[in-house]
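A.B. asks: My questions concern the predicted model and sequence given below.
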Amino acid sequence: MHVVSKRGLLETASRHADCLGPAVAWFHVARRARWLVLESVRRDFPAADQVGHVLIFNLRGNRYRLVTRVSYRSQRIYVKALLTHAEYDRKEWMKWA
């Protein structure tokens, strides 16, 4: 998969020092992946959830949520937001769903 906005992901993760390592680890797994459907994503990330058009990953023991849009056909992942659990619960991310 081609991860669009690696820079944005790492900049956002660096604001949350405890999330930088898990974000980098997610990036390396996602970059090597060849996901075709949600089930193939869940082989690497069992807790991944599809909500409308967004795919959500839990990072650092569910303390953070990575909101992405995935194009399986073009093998691209668009990073939309990295949110704390409290930010995620406000549901502002649903504008991408």
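C.D. replies: Happy to help now that I have it. Numbering: from 1, shown residues only.

A.B. asks: CA atoms for contacts and neighbours, from now on please.
C.D. replies: Fine.

A.B. asks: per-residue pLDDT, the residue nearest in space to the middle of the chain?
C.D. replies: Residue closest to the average C-alpha location in the chain (Cα atoms, centre = their mean): L66, at 3.6 Å. Listed pLDDT for L66 reads 95.

A.B. asks: Which helix or which strand is home to it?
C.D. replies: Element membership of L66, judged by DSSP states H and E, is strand 64-71.

A.B. asks: In that strand, which residues are buried?
C.D. replies: 64-71 (16 or more other Cα atoms under 10 Å).

A.B. asks: next one: stretch 22-39
C.D. replies: 22-23, 26-27, 30-31, 35, 38.

A.B. asks: any residues touching it, and which ones?
C.D. replies: 1-3, 6, 9-10, 13, 41, 44, 50, 59-60, 72-73, 75 (Cα atoms under 8 Å, 6 or more residues apart in numbering).

A.B. asks: Quick one: buried ones out of the residues you listed?
C.D. replies: With burial judged by 16+ other Cα under 10 Å, the buried subset of the contacts of stretch 22-39 is 1-3, 6, 9-10, 13, 41, 50, 59.

A.B. asks: Looking at those residues, which are in strands?
C.D. replies: Within these, residues falling in strands by DSSP state E are 2-3, 50, 59.

A.B. asks: Please report how far W26 lies from R90.
C.D. replies: Distance, W26 to R90, by Cα to Cα, to the nearest Å: 24 Å.

A.B. asks: No further queries at this time; thank you.
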